[in-house]
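A.B. asks: Pasting the sequence and the predicted model now:
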Amino acid sequence: MQPVAGYGSTLSRYLRLNFSVNWHLMANKQKVGLIGLGDMGSGMAKNLIQNGFQTFGYDLSVQRLEAFKALGGNAVADPHEMGSSVDAVFIMVMNGGQVEDVIFGERGLIHSMKPGSGIIVTATIKASEIRALARQLEGSKIHLIDSPVSGGFPGAQSGTLTMMAAGSEDSLNQFAPVMEAVSKTIHRVGSEAGMGQTVKACLQSLIGSAFSATFEAAALAAKAGVDGEVLHKVFSTSGAGCGVVNTALENIIDRKFEGTGSHINTMYKDLTIVMDMARELGVPLHTAGCAMQLFQAGKTKYPNGDNWIVTKVIEEIVGAELHRKSSIK
């Protein structure tokens with residue numbers, strides 16, 4: 001069989017062009033770093049890698065770094081090494097002090113990042129802390145985006161986080177591709193650092209309150225002898241049904257109080273940020289204040305538990321537990 005005239009040369013040109021285009025796209029993709037490879041950061045890293053970004057990671061945990069490398073990531077020794085390798089860095093650590101150390105510490109990002117690169121703070125910290133960091137970065141020609149996230153462990157793993165991003169329009173446009181790789185929805189909530197954290201605090205006041213109300217309702221149902229499965233079906237199909245309530249109740253009735261990717265320390269920390277902001281602004285937050293105290297009780301009694309562990313504290317008071325099937329009939 002004779003080859004079709006010109007087919008080989010056409011295919012060859014197509015393959016060369018296709019390779020050239022793909023190489024060009026990969027060569028021009030931003031190199032991305034991620035500091036903090038825990039429940040949230042590991043999921044974000046996975047989605048960056050899957051979206052074709054050359055991804056660098058740093059964490060104090062050797063086990064987390066090994067898991068990151070197994071995904072195809074490039075582990076670095078410290079933030080300084082990362083800063084010289086990337087165009088943008090996500091910071092997903094626990095608190096403002098850690099964010100400051102990552103950026104301005106002796107081996108911090110500021111000492112090695114090139115002008116025009118960007119720092120995207122996805123950790124939830126105080127608005128006053130991110131504003132102070134922005135002031136310290138003035139004149140550095142390094143972009144700062146204040147963008148805490150919502151969606152928890154499932155959102156981080158699936159790349160469907162909601163981002164509350166504050167920064168200059170140029171910064172948000174420049175780093176949109178890397179942010180889109182880890183999120184489903186990006187809300188531009190302001191141009192000044194601090195607005196992202198402020199919006200996140202308002203959101204956490206609501207989520208924390210919804211959690212605590214769910215915990216109390218679960219304990220009430222347990223004491224009354226209601227099947228947890230019945231309660232879940234009713235709640236999830238009523239006006240009260242939402243991701244927060246449904247997820248919390250499902251973990252409660254299945255007695256999953258640890259290892260679900262929602263450690264109690266994080267929500268407790270967020271609620272302290274909420275209450276600090278409310279105190280500064282003179283805003284009474286009765287419901288969020290009660291929620292914080294419930295989380296304080298859970299954190300004190302069960303420091304290794306997840307958010308839902310608060311329910312156990314209330315259950316112990318009333319002497320009943322909520323399971324999918326109740327033992328009381």
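C.D. replies: Yep, it's here. Residues are numbered from 1 along each chain as shown.

A.B. asks: CA atoms for contacts and neighbours, from now on please.
C.D. replies: Will do.

A.B. asks: In the stretch 101-250 of the chain, mark out all the helices, start to finish.
C.D. replies: 127-137, 152-158, 169-174, 176-180, 195-224, 228-236, 243-253 (DSSP state H, counting those that start in this stretch).

A.B. asks: how about the third one as CSV, C-alpha atoms only?
C.D. replies: C-alpha atoms of helix 169-174 as CSV (Å, rounded to 0.1, in the frame of the first residue of the first chain):
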residue,chain,number,x,y,z
GLU,A,169,-6.0,44.4,40.0
ASP,A,170,-2.7,43.8,38.3
SER,A,171,-1.7,41.3,41.0
LEU,A,172,-5.0,39.4,40.8
ASN,A,173,-4.8,39.2,37.0
GLN,A,174,-1.1,38.2,37.0
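
A.B. asks: Next, count neighbours for residue 115.
C.D. replies: Per other CA atoms under 10 Å, the neighbour tally for residue 115 reads 13.

A.B. asks: right, I mislabeled it, should have said residue 260
C.D. replies: Neighbours of residue 260 under the rule other CA under 10 Å: 15.

A.B. asks: Do you know the pLDDT at it?
C.D. replies: Note on residue 260: pLDDT of 94.

A.B. asks: residue contacts, the nearest residue to it once chain neighbours are set aside?
C.D. replies: Excluding its sequence neighbours, the residue lying closest to residue 260 (CA to CA, 6 or more residues apart in numbering) is residue 306, at 6.9 Å. Residues near residue 306 by CA atoms under 8 Å, 6 or more residues apart in numbering: 257-265.

A.B. asks: Which ones among these map onto strands?
C.D. replies: Secondary structure from DSSP state E places none of the contacts of residue 306 in strands.

A.B. asks: In ChimeraX, select just the buried ones from the residues you listed.
C.D. replies: Applying 16 or more other CA atoms under 10 Å to the contacts of residue 306 leaves a buried subset, and the ChimeraX line that selects it is:
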select :257,258,262,263,264,265
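
A.B. asks: Kindly indicate which of the contacts of residue 306 lies nearest residue 124.
C.D. replies: For the contacts of residue 306, the closest approach to residue 124 (CA to CA) belongs to residue 265, at 12.3 Å.

A.B. asks: tell me the SS of the nearest residue to that closest one once chain neighbours are set aside?
C.D. replies: Closest residue to residue 265 apart from its sequence neighbours, by CA to CA, 6+ apart: residue 299 at 6.9 Å. With DSSP: H, G, I helix; E, B strand; the rest coil as the basis, residue 299 sits in helix.

A.B. asks: tell me the average confidence for the longest strand belonging to the chain?
C.D. replies: In the chain, taking DSSP E as the definition, the longest strand is strand 183-190. Summarised as a single mean, pLDDT over strand 183-190 is 97.

A.B. asks: partners of it in the sheet?
C.D. replies: Applying DSSP bridges, strand 183-190 is found paired with strand 161-166 (parallel).

A.B. asks: Now do the partner strand and helix 195-224, the angle between them.
C.D. replies: Orientation check (axes from the mean of the first three to the mean of the last three CA atoms, to 10 degrees): strand 161-166 against helix 195-224 gives 140 degrees.

A.B. asks: and strand 161-166, how far from the chain's centre?
C.D. replies: Offset of strand 161-166 from its chain centre (CA atoms, centre = their mean, to the nearest Å): 10 Å.

A.B. asks: Mind listing what's buried along it?
C.D. replies: By neighbour count on 16+ other CA under 10 Å, the buried set for strand 161-166 is 161-166.

A.B. asks: May I ask you to confirm that residue 190 is in contact with residue 198?
C.D. replies: No: Residue 190 is not in contact with residue 198 according to CA atoms under 8 Å; the separation is 10.2 Å.

A.B. asks: Neighbour count: the two, which is higher?
C.D. replies: More crowded of residue 190 and residue 198, by other CA under 10 Å: residue 198, with 22 against 17.

A.B. asks: returning to what we had before: now, of the helices of the stretch 101-250 of the chain, which is deepest in the fold?
C.D. replies: helix 195-224 (a mean of 21; mean count of other CA atoms under 10 Å).

A.B. asks: chain center to that one: distance?
C.D. replies: On the basis of CA atoms, centre = their mean, helix 195-224 sits 18 Å off its chain's mean C-alpha point.

A.B. asks: and the angle from it to helix 127-137?
C.D. replies: Between helix 195-224 and helix 127-137, the angle comes out at 150 degrees (the same axes, to 10 degrees).

A.B. asks: quick one: least confident helix or strand in this protein?
C.D. replies: The helix or strand of the chain with the poorest confidence is helix 7-28; it has a mean of 43 (mean pLDDT, DSSP states H and E).

A.B. asks: Excluding its own residues, what touches the helix or strand residue 42 falls within? List them.
C.D. replies: Applying DSSP states H and E as the criterion places residue 42 in helix 39-50. Contact with helix 39-50 is made by 32, 34-37, 54-55, 57, 64, 68, 71-73, 92, 152-153, 156-159, 178, 181-182, 261, as judged by CA under 8 Å, 6+ apart.
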